[in-house]
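# sequence and computational prediction follow.
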Amino acid sequence: MTRLTAQIALVLLLLFALGSSSFAQSPTPTFSTVPLVPAGTGQLSSPDLTALFPDDLFTKKSSDPDSADENAIQPGPALGFPIPSPQTIGATSPLFAGFNGISHFDQRFAGSGRFANSQGSLEPPDQGLAAGNGFVLEAVNDALAVFDQHGTRLVGPTPLNQFFNLAPEIIRSTPPIFGDFVSDPKAYFDRQTQRWFVTALQLDVDPVTGNFGKRSHTLIAVSQTSDPTQAFNLFTIDTTNDGANGTPSHAICPCIGDQPLMGADANGFYIATNEFAIPPHNPFEFNRGQIYAMSKSQLVHGTLLNVVHLSGLSAPGGARAFSIQPATSPTLEDYDAEDNGTEFFLSSFSTLQVFANQVTVWALTNTSSLNSATPNLSLSNLLIPTENYTLSVVATQKTGPTPLADLLNSTLKDKDSEEFINTNDDRMNQVVFSQGRLWSGVNTSILQGNSLVAGIAFFIVKASTDEGQLRASVENQGYISLQGENVFFPSIGVTASGKGVMTFSVSGPDFFPSAAFAQIDRKNGAGPVQIAATGASPEDGFSGYHAFGGGGVGRWGDYSAAVADGNTIWFATEFIPATPRSQLANWGTFIGSLPTN
């Protein structure tokens, strides 16, 4: 069997192992109201490193179950692996600047007071980023930090459990005591309100066994001022959706609102989740994407009591909606005021479709009604044709030292070699709405000769509504790829003038996992790849090794981040730094900036 045949077979196996397609008709979305519960205040603090830290006793992966997604539209004969001409690696712009963000070492040893030495080891970091007013706020699994724009750390890293006033992740007593599972952080600075937002998912945990409990929540933090080093107001939304605590009753629940995604327009703040059953109750069965919409100004002022919950969502043709990415905008002027306020979303055609050449555009209209006592929203969607994209193959990496693998191999029968890197699937990544266009990208496989590499497909979609009628079309699209190497987990930041920067990770035969970016605009698409930070060694974390339940593929991502601050775009992605590591992982993040004027 050739390498290409084996790679195609692996992609096909992933699809058929997860079920066949369904031709169900699109149900009408269900609108309901669920409570938003105040949860006190939180504030970042710096870690207490005065204690001696034992070896890691607890490891954790972020919750990212695969979806049993349904696809109503089958691939046609025109579909196939993309075969674009690869980009070159260009000289890095002299205007570029950057610094190391939070590393796994920082995350593992974050915490003060009763939270000192309370963190487990996590992969992947799940990159969140926000920038404004001279501050840069970074969020990862499971810690927060604030930097100034020169890279000086002002406060943090603070464990998310500590920030959100939850139980410590683990108390290393004998026996250990387990606390709340928190994951998938996102961060956002809203220029209209001059407030900072942080979101994450939470899942109850049995303190004795560490097993998942029966209730889950989306956590929301909103800064009290324009300074993210000061106090935040905290809120929770119950996402269990089993009929208790004012939630709707969904058939497969109790459920978790996995990977909460955030967006905003002039009127509202929006969170989209993927609803999965909580193990052991129908473990990880998928129940469509969910959208939670709330008044932004009421949330900022702490007067919001209820949230509009949209469930039963389907893409055109009946496919169950998955990873519906809400849009953010670089300035107030970029918000869409048509139809009394419109928030746009993008989603892939299907995360489990082997080949796809369509994306779904969503529009939530009459968002100004969120500021009233009786919100009256309308949701529509439209499937539009795009270039081909597909499930992404795992990424290779340059050969180098792997001390964790060596340690494990010295004592275990099942020997591990250097890991591959997981590039996940082709779900839609971060979405930005600027000048009437939606910008985003997905992971994909790229065909190069007789082999496949991980690459990126990006889309610039013109979108508008007129009296409730959604119109959308692709204005520009293209690919990012490197000859013989892998690029993955894109995010695009866009200024109000339409200048963009896409960030992503790079790895392959010639690269340890590195941070990279490419400039992008509506007319010319993406330019050459520029290396922001060169990886110092291979990814050598626990998640891919047999001793920790892995199968030779380490977790990465699950996403990067890029945001505009005036004419400067800030971006952050995962790489392997030349800094101290913990025993069980060596990932780090890199934060870069590039003026675009």
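Everything's here; your move. This structure is a prediction, so every number in the text was calculated from the model and none was measured.
# okay, CA-based contacts and neighbour counts for the rest of this
OK.
# pLDDT wise, what is the spatially most central residue of the chain at?
Nearest to the centroid of the C-alpha atoms of the chain, with distances taken as CA atoms, centre = their mean, sits residue 559, at 4.0 Å. Among the per-residue scores, residue 559 holds a pLDDT of 97.
# so the nearest residue to residue 298 once chain neighbours are set aside: helix, strand or coil?
With sequence-adjacent residues excluded and distances taken as CA to CA, 6 or more residues apart in numbering, residue 298 is closest to residue 304, at 4.9 Å. With DSSP: H, G, I helix; E, B strand; the rest coil as the basis, residue 304 sits in coil.
# and the top strand by length along the chain, what's buried?
Secondary structure of the chain read by DSSP state E shows that its longest strand is strand 451-466. Buried residues in strand 451-466, counting neighbours by 16 or more other CA atoms under 10 Å, are found at 451-465.
# can you check stretch 578-597 too?
Using 16+ other CA under 10 Å, the residues of stretch 578-597 that count as buried are 581-596.
# so which of these belong to strands?
588-595.
# the helix or strand containing residue 572 pairs with which strands?
Using DSSP states H and E, the secondary-structure element containing residue 572 is strand 568-575. Sheet pairing here is set by DSSP bridges, and for strand 568-575 it gives strand 561-565 (antiparallel), strand 588-595 (antiparallel).
# can I get it in PDB, CA atoms only?
Coordinates of each C-alpha in strand 568-575 appear next as PDB, following Å, rounded to 0.1, in the frame of the first residue of the first chain:
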ATOM      1  CA  THR A 568      -2.100  46.500  14.700                       C
ATOM      2  CA  ILE A 569      -3.000  42.800  14.600                       C
ATOM      3  CA  TRP A 570      -2.200  40.600  17.600                       C
ATOM      4  CA  PHE A 571      -2.000  36.900  17.200                       C
ATOM      5  CA  ALA A 572      -1.100  33.900  19.300                       C
ATOM      6  CA  THR A 573      -0.600  30.200  18.600                       C
ATOM      7  CA  GLU A 574       1.100  27.100  20.000                       C
ATOM      8  CA  PHE A 575       4.800  26.200  19.500                       C
END
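# model confidence over it, on average?
Rounded to a whole number, the mean pLDDT of strand 568-575 is 98.
# what's in contact with it?
With CA atoms under 8 Å, 6 or more residues apart in numbering as the contact definition, strand 568-575 has outside contacts at 125, 127-129, 131, 493-495, 500-501, 503-505, 513-515, 533-535, 556-557, 559-564, 587-597.
# quick one: the strands in the stretch 151-300 of the chain?
The residue ranges that make up the strands of the stretch 151-300 of the chain, judged by DSSP state E, counting those that start in this stretch, are 153-159, 170-171, 177-178, 181-190, 195-205, 212-223, 232-238, 255-264, 268-277, 286-295.
# still on that earlier bit, residue 238: which of the buried residues of stretch 578-597 is nearest?
residue 589 (30.8 Å; CA to CA).
# list the contacts of the closest one.
100-103, 127, 572-577.
# buried subset of these as a ChimeraX selection?
Here is the ChimeraX command that picks out the buried ones among those, judged by 16+ other CA under 10 Å:
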select :100,101,102,103,127,572,573,574,575,576,577
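# and the contacts of residue 589, which two are the farthest apart?
When these are compared pair by pair using CA to CA, the two farthest from each other are 127 and 577, 15.4 Å apart.
# just the CA coordinates for stretch 129-136, please, in PDB.
Included here for stretch 129-136 are C-alpha records, laid out as PDB according to Å, rounded to 0.1, in the frame of the first residue of the first chain:
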ATOM      1  CA  LEU A 129      -6.400  36.200  23.200                       C
ATOM      2  CA  ALA A 130      -7.700  39.800  23.600                       C
ATOM      3  CA  ALA A 131      -5.900  43.100  23.100                       C
ATOM      4  CA  GLY A 132      -6.600  46.800  23.800                       C
ATOM      5  CA  ASN A 133      -5.900  49.900  25.900                       C
ATOM      6  CA  GLY A 134      -2.200  48.800  26.100                       C
ATOM      7  CA  PHE A 135      -3.000  45.400  27.500                       C
ATOM      8  CA  VAL A 136      -2.800  41.800  26.100                       C
END
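# contacts for it next, please.
Looking at what lies outside stretch 129-136 - CA under 8 Å, 6+ apart - the contacts are 137-139, 146-149, 186-189, 191, 196, 226-228, 561-565, 570-572.
# equivalent analysis for stretch 330-345, please.
The set of residues that contact stretch 330-345 without belonging to it, under CA under 8 Å, 6+ apart, is 191-192, 264-267, 324-327, 329, 361-369, 431-436, 465-468, 494-496, 563-566.
# mind checking which of these are buried?
With burial judged by 16+ other CA under 10 Å, the buried subset of these is 191, 264-267, 324-327, 329, 361-369, 431-435, 465, 468, 494-496, 563-566.
# ok so residue 515 is a strand residue?
Yes - in this structure, residue 515 lies within a strand as judged by three-state DSSP.
# quick check: it vs residue 101, distance?
Between residue 515 and residue 101 the computed distance is 12 Å (CA to CA, to the nearest Å).
# mind listing what residue 482 touches?
For residue 482, the residues meeting the contact criterion (CA under 8 Å, 6+ apart) are 86-89, 455.
# mind redoing it with 10 Å?
Residues in contact with residue 482, defined by CA atoms under 10 Å, 6 or more residues apart in numbering, are 84-89, 446, 448, 453-455, 506-508, 528-529.
# any stretches of this structure with poor pLDDT?
Residue ranges of the chain with pLDDT under 70: 1-27, 49-78, 282-284, 350-353.
# what bridges to residue 385?
Counting by DSSP bridges, residue 385 forms beta bridges with residue 358.
# what does residue 327 give?
residue 431.
# that one touches residue 188, doesn't it?
No - Residue 327 is not in contact with residue 188 according to CA atoms under 10 Å; the separation is 11.3 Å.
# touching both of these two, which residues are there?
With contacts taken as CA under 10 Å, 6+ apart, the residues that reach both residue 327 and residue 188 are 262-264.
# so can I have TSV of those residues showing distance to residue 548?
Below are those laid out as TSV (distance: CA to CA, whole Å):
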residue	distance to residue 548
262	32
263	35
264	39
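# which one of these sits closest to residue 35?
Using CA to CA, the shortest approach to residue 35 within the shared contacts of residue 327 and residue 188 belongs to residue 262, at 18.0 Å.
# isn't the closest one up against residue 198?
Yes - with contact defined as CA under 10 Å, residue 262 counts as touching residue 198 (9.1 Å).
# overlap in contacts, the two.
If you check residue 262 and residue 198 against CA under 10 Å, 6+ apart, the residues they both contact are 185-188.
# ok, and the most crowded of the residues you listed?
The member of the shared contacts of residue 262 and residue 198 that has the most neighbours, counting by other CA atoms under 10 Å, is residue 185 with 28 neighbours.
# how much space separates that residue from residue 490?
Plainly put, residue 185 is 17 Å away from residue 490 if you go by CA to CA.
# next: residue 447.
According to CA to CA, residue 447 and residue 490 sit 19 Å apart.
# which of those two has more residues huddled nearby?
Neighbour comparison, residue 447 and residue 490: the larger count goes to residue 490, with 29 against 19 (by other CA under 10 Å).
# next, that one: secondary structure please.
Under the three-state scheme (three-state DSSP), residue 490 adopts strand.
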